[in-house]
Structures are given as structure tokens and as C-alpha cells.
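Peer 1: sequence first, then the predicted structure, then my questions.
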Amino acid sequence: MKHVYDVIIVGAGAAGISCAQKLEQSGKDFVILEARPRIGGRVFSINEQDSTMPLELGAEFIHGAPRKTVDYLGQYEIPFYDVLDNHLVLKNSKLQKFENFFDKMGKLMKRIPAKPGFDMSVHDFIKGFKNTEPTLKSMFRSFVEGFHAADLHQMGVKGLKDTEETNGDSLNDTQMFRPMSRYDLFLKRITESLKPGRLELNTVVEEITWEPGHVKVTCRRGSSGPVTYSAKKIVLTVPVGVLKSESIRWNPKPEVLNTFLSSVNMGHVQKIIFHFHERFWENLSKEPVSFLHCGPENYFPTWWTLQPMRAPFMIAWQGGPKAWELSLRSEEERVNTALLTLSKMTRIPLRSLNRLVQCWYTHNWSEDPFARGAYSYVTVDGMKALGSLKRNIKNTIYFAGEGSMKGPSRGTVHGALLSGQLSI
Ligand SMILES: Cc1cc2nc3c(=O)[nH]c(=O)nc-3n(C[C@H](O)[C@H](O)[C@H](O)COP(=O)(O)OP(=O)(O)OC[C@H]3O[C@@H](n4cnc5c(N)ncnc54)[C@H](O)[C@@H]3O)c2cc1C
């Protein structure tokens with residue numbers, strides 16, 4: 001008789017690996033099916049040749065240092081450090097200091113009405129800012145679009161407010177941190193601690209056939225014919241973008257899936273890591289430079305350095321609809337577009353900047369068939385539907401992954417880790 005697992009986990013990102021660890025501890029018989037040749041999913045760490053310095057093409061920050069993530073880092077003795085919270089903003093063609101960036105953004109968030117049942121798009125909400133200083137208003141738009149990777153016409157303020165809720169679980173809600181090691185290190189360590197044979201890489205799930213208490217999963221592996229796996233239960237951690245693309249066929253499709261997918265969207269991000277020959281940004285301000293901003297009318301309006309580490313890297317960031325638009329352009333065009341904005345912000349001629357570039361690293365998440373975007377956000381009126389949604393269908397299908405979470409952990413590695421902690 002063909003082997004029937006207790007559980008099949010689809011996806012070896014943070015959610016899948018966290019789930020695997022929990023199942024291993026409870027003695028369950030399971031397998032993780034992962035489409036890529038590597039673990040980590042949207043945690044995608046690389047090293048330059050001969051360098052120990054980690055570079056992150058996906059997740060980079062630990063937002064607020066929440067308990068579960070800190071516990072994992074502690075367990076694997078991975079130190080983490082505070083990101084320097086200095087912000088410069090382009091105003092009247094000059095970079096100027098922008099004090100208390102996160103406090104100011106937080107104050108504007110507080111204007112979201114708490115009325116039950118009420119929702120509106122973030123775009124309309126910002127339009128209503130009548131007496132707000134134009135630079136602050138534009139920074140807020142840029143911040144929400146960038147941080148949440150969202151189309152502000154589609155993102156609801158209720159969903160935005162939900163991400164701002166705090167539960168005292170974090171070291172410091174507004175502070176950002178970075179692990180000292182590659183972000184994927186603790187995920188690798190957890191995977192190494194699993195029994196042999198738990199992880200199948202290069203295994204693309206294409207079809208799920210199920211009835212209560214039984215699941216059959218059909219996969220593609222390389223050029224070989226279809227491979228099937230059977231289990232009593234399945235935990236699906238694939239990103240919202242993958243679920244929306246319908247690249248996985250359902251037999252039958254769970255009804256709640258449509259409700260869920262109409263409540264959330266996959267946001268888009270373009271992130272480019274530039275390795276420069278010198279740290280020219282250290283001359284831009286008397287204080288160490290960490291974040292640079294300009295208005296949302298520009299492409300790549302947010303840049304940061306690796307401060308407090310003095311490393312020759314700058315990261316260019318674009319979130320929201322412009323990120324999607326850029327995803328359709330060539331890599332060279334995206335790089336040139338980013339450098340144009342940096343030139344405008346720093347007033348260093350483009351030709352000189354080009355000479356300073358040693359190389360760059362990027363990954364087009366929007367075009368990646370196993371992500372189809374960066375991370376999820378809640379649409380207008382989406383919170384209502386999400387409120388009544390169950391992540392467990394007939395004790396057989398379980399949804400995990402950042403997109404399945406509510407509150408401030410949506411869209412984060414922490415949210416993914418928490419979502420995988422299922423008792424099944
Ligand atoms: C550019 C970028 C920057 C980010 N920055 C941060 C940050 O600073 N801090 C932060 O906390 N979060 C950040 N995030 C978000 C964070 O990376 C994600 O929320 C988190 O990693 C999601 O984990 P997950 O397990 O839910 O999904 P994933 O990591 O996407 O894991 C799902 C897995 O499913 C696999 N899969 C997909 N389809 C199939 C299939 N058909 N068959 C088999 N396997 C499949 C995928 O390959 C993937 O490995 C960022 C994301 C991006 C893209």
C-alpha cells in the first residue's frame with residue numbers, strides 16, 4: 001500500500017519550516033513539498049563570493065523583535081542589532097533631516113476612524129488630510145505604499161489599522177532590527193534538525209484532491225512524470241499570489257478560498273542591493289545616514305544603508321503599483337531608474353554614480369512563479385470577511401503563511417513563523 005503521511009506541508013518558507021518543527025516535536029509523520037531548489041521562500045539570503053556579509057534579496061528586517069522570532073534567534077545563538085532610525089528627506093531639492101519618522105507616521109495612522117463596519121481606501125483617507133504639511137502627507141503615502149507594498153486605491157484603512165495594533169509581544173514595536181547572520185540561518189538550522197527524508201525540494205504541487213480526512217497531492221518534479229503523495233491532512237503555506245494565480249488545481253475548491261482571496265491582495269516590491277566602490281553617502285550629512293526618502297511621484301523613493309554597519313551597500317526600494325510596473329521592465333532599466341532617483345536625491349551626477357557602482361543584486365518577486373508578488377495586504381472591506389474566516393477546513397486543509405495572519409504580523413517573517421505553529 002502506498003505510504004500515507006499524517007501531514008503534507010506545501011512550502012519550505014518560514015511558515016512551512018515552523019510548522020515542520022512543531023509536527024516533529026509532536027511525533028507526526030510528515031513531508032514538506034517545496035517547489036524551489038532551496039528552503040526559505042521569501043527569505044532569500046545570499047553572500048558575495050569570498051564575503052561573510054549577508055545580503056538579503058527578500059526579508060531583511062525584524063520588525064519590533066517579536067517573541068517567537070527572538071526565541072528562534074536565541075535558540076540558534078544568532079545575535080541581532082538595532083537598525084539606525086535616521087531619516088533624510090528630499091525637500092526643496094535638498095536632503096533634509098526628518099525627525100521622529102515613525103512617530104509622525106504613527107500619529108497619522110491614528111486618524112483612521114475606529115467606527116465598526118467602516119472602511120475606505122487608504123488613497124481616499126489620505127485625500128482627506130486637509131491641513132497636513134505637504135511633505136509629511138507625501139511621506140505618509142510613500143511610507144504606506146512602500147512598507148505595505150500596497151496599491152492604496154485597493155488597500156483598506158481597516159486593514160492598515162489592523163497592522164498597527166500592538167499586543168506587547170515585542171521588544172520594541174517601532175524599532176527595526178537585523179540578524180547579524182544570514183536571515184535564513186535559523187530556518188536552515190531547524191531544517192537540519194528534522195529527521196532525514198522530511199524535505200522534498202524541486203517538487204511543484206500542481207493539484208490537490210481531497211475529502212475530509214484524506215488528501216492526494218500531484219506534483220511535478222524536474223522532467224519526470226507526475227509524482228503523488230497522500231496524507232490525512234495538508235498545510236498549505238504558498239503565498240497569496242500563488243493561490244490567486246490558480247497554478248494549483250483543486251478537486252474540489254474549498255468555498256472559503258474565494259472569500260479569503262477577495263479579502264487580500266498580493267503587494268509588489270522591487271528591491272535592488274547596490275554594491276558601491278565607496279560609501280559616498282557618509283558625506284551627505286554630519287550624522288550617519290540610514291534612510292533616504294523622496295516623494296512617491298519618483299520611482300524607488302526609499303533607499304537605505306546598512307548603518308550602523310559601515311558597509312559599501314545601498315538598498316533601493318519601491319513598493320506598490322510602481323513596483324509591479326517596474327517588474328515588467330528589464331533588470332537594466334530598473335537599475336537605471338533607481339540610480340536616476342539616487343542622483344536626484346544626492347545631487348551626484350548619474351554618470352559619476354554609474355562609475356561608483358561595482359555591481360547589484362535583485363530578484364523579481366512579481367515574476368517569480370512561486371511568489372507572484374512580495375507580501376499581502378487587506379483590501380477595502382476585506383477585514384469583515386477575514387474576521388469570520390477559518391484557517392482549518394474540515395480538519396483536513398489548513399492555511400498558513402504570512403497571508404493567513406491578522407494584525408501586525410501580516411506580511412512579515414514573524415507572521416509566517418506564528419502561522420505555522422498549528423496544533424494538528
Ligand atoms: C523583497 C521583500 C522584502 C521583505 N522584507 C521583509 C522584512 O524586512 N521583514 C519581514 O518580516 N518580512 C519581509 N518580507 C516578507 C517576508 O519575506 C514574508 O512575509 C515571509 O517570508 C513569508 O513566509 P511564508 O512561509 O508565509 O511564505 P514563503 O516564504 O513564500 O514560503 C512559501 C513557500 O511555498 C513554495 N511554493 C510556492 N508554490 C509552490 C508549489 N506550487 N509547490 C510547492 N511549493 C510551492 C515557495 O517556493 C516558498 O518556498 C519581505 C518580502 C519581500 C519579497
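Peer 2: Received, thanks.

Peer 1: list the buried ones in the longest strand along the chain?
Peer 2: What stands out as the longest strand in the chain, according to DSSP state E, is strand 227-236. Across strand 227-236, burial judged by 16 or more other C-beta atoms under 10 Å covers 227, 229, 231-236. Quick note: C-beta positions are derived from backbone N, CA and C, even for glycine.

Peer 1: roughly how far is that strand from the heart of the chain?
Peer 2: Strand 227-236 sits 26 Å away from the centroid of its parent chain (C-alpha atoms, centre = their mean, to the nearest Å).

Peer 1: is the helix or strand just after it in proximity to the ligand?
Peer 2: Per DSSP states H and E, strand 227-236 leads on to helix 240-245 as the next helix or strand towards the C-terminus. Yes. Using C-beta under 6 Å from any ligand atom, helix 240-245 reaches the ligand at V242.

Peer 1: what's in contact with helix 240-245?
Peer 2: 236, 248, 257, 261, 264-266, 369-373, 376, 401, 403 (C-beta atoms under 8 Å, 6 or more residues apart in numbering).

Peer 1: helix or strand right after that helix?
Peer 2: Following helix 240-245 in sequence order, the next helix or strand is strand 249-251 (DSSP H and E).

Peer 1: same for that next one, what does it pack against?
Peer 2: Secondary structure elements in contact with strand 249-251, counted by 3 or more C-beta pairs under 8 Å, 6 or more residues apart in numbering; DSSP states H and E, are strand 204-211.

Peer 1: which residues outside the strand it packs on are in contact with it?
Peer 2: With C-beta under 8 Å, 6+ apart as the contact definition, strand 204-211 has outside contacts at 10, 33, 35, 215-221, 226, 234, 236, 238, 247-252, 370, 396-397.

Peer 1: which of the residues in the helix or strand bottoming out on mean pLDDT in the chain are buried?
Peer 2: Ranked by mean pLDDT, DSSP states H and E, the helix or strand of the chain with the weakest confidence is helix 382-387, at a mean of 86. Residues of helix 382-387 classed as buried: 382-383, 385-386 (neighbour count, 16+ other C-beta under 10 Å).

Peer 1: can I get it in CSV, CA atoms only?
Peer 2: What follows is helix 382-387 as a C-alpha-only set of coordinates in CSV (Å, rounded to 0.1, in the frame of the first residue of the first chain):
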residue,chain,number,x,y,z
GLY,A,382,-11.6,42.8,3.5
MET,A,383,-11.4,42.8,7.3
LYS,A,384,-15.1,41.9,7.5
ALA,A,385,-14.7,38.7,5.6
LEU,A,386,-11.4,37.8,7.2
GLY,A,387,-13.0,38.2,10.7
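
Peer 1: and the helix or strand following that helix, what does it pack onto?
Peer 2: Using DSSP H and E, the helix or strand that directly follows helix 382-387 along the chain is strand 392-393. On a contact count with 3+ C-beta pairs under 8 Å, 6+ apart, strand 392-393 meets no helix or strand.

Peer 1: now do strand 392-393: distance to the chain's middle.
Peer 2: 24 Å.

Peer 1: what pairs with the helix or strand following it, parallel or antiparallel?
Peer 2: Moving toward the C-terminus from strand 392-393, the next helix or strand (DSSP H and E) is strand 397-399. Strand 397-399 sits in its sheet next to strand 227-236 (parallel), strand 392-393 (antiparallel), going by DSSP bridges.

Peer 1: which residues sit against the shortest one?
Peer 2: When you say that, I think you mean strand 392-393. Strand 392-393 is touched from outside by 254, 256, 398-399, 424, with contacts defined as C-beta under 8 Å, 6+ apart.

Peer 1: which stretches of the chain have low pLDDT?
Peer 2: 1, 167 (pLDDT under 70).

Peer 1: let's go with 80 and repeat that
Peer 2: 1-2, 65, 165-174, 224, 387-389 (pLDDT under 80).

Peer 1: for the ligand, what are the nearby residues on it?
Peer 2: 10-16, 33-36, 41-43, 58-61, 63, 204-205, 237-239, 242, 248, 269, 271, 365, 370-371, 374-375, 401-402, 411-414, 416.

Peer 1: which of these fall in helices?
Peer 2: Using DSSP state H, the members of the residues of the chain next to the ligand that fall in helices are 14-16, 242, 413-414, 416.

Peer 1: mind telling me the two of those farthest from one another?
Peer 2: Across these, the longest distance by C-beta to C-beta is 20.6 Å; it joins V242 and H414.

Peer 1: quick one on the thing from earlier: adding neighbour count and distance to N298, write the ones in helices among the residues of the chain next to the ligand out as TSV.
Peer 2: Formatted as TSV, those follow (neighbours: other C-beta atoms under 10 Å; distance: C-beta to C-beta, whole Å):
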residue	neighbour count	distance to N298
A14	34	32
A15	33	34
G16	30	37
V242	25	31
V413	32	28
H414	27	30
A416	33	31
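
Peer 1: need the helices for this structure, in chain order.
Peer 2: Here the chain has its helices, by DSSP H, at 14-25, 67-75, 101-109, 122-127, 134-148, 157-164, 185-192, 240-245, 255-263, 321-327, 331-346, 350-356, 382-387, 413-419.

Peer 1: so which of the ones you listed gets nearest N86?
Peer 2: Across the helices of the chain, N86 has its closest neighbour in helix 101-109 (8.6 Å, C-beta to C-beta).

Peer 1: which helices and strands does that closest one pack with?
Peer 2: Against helix 101-109 (3+ C-beta pairs under 8 Å, 6+ apart) you get helix 134-148, helix 157-164.

Peer 1: need the residues that contact that helix.
Peer 2: Contact with helix 101-109 is made by 85, 87, 98, 129, 132, 136, 139-140, 143, 160-161, 164, 174, 291, as judged by C-beta under 8 Å, 6+ apart.

Peer 1: output it as CSV - backbone C-alpha positions only.
Peer 2: C-alpha atoms of helix 101-109 as CSV (Å, rounded to 0.1, in the frame of the first residue of the first chain):
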residue,chain,number,x,y,z
PHE,A,101,9.9,59.5,11.3
PHE,A,102,7.9,56.6,12.8
ASP,A,103,6.2,58.7,15.4
LYS,A,104,4.9,61.0,12.8
MET,A,105,3.7,58.1,10.6
GLY,A,106,2.1,56.6,13.7
LYS,A,107,0.2,59.9,14.5
LEU,A,108,-1.3,60.0,11.0
MET,A,109,-2.3,56.3,11.3
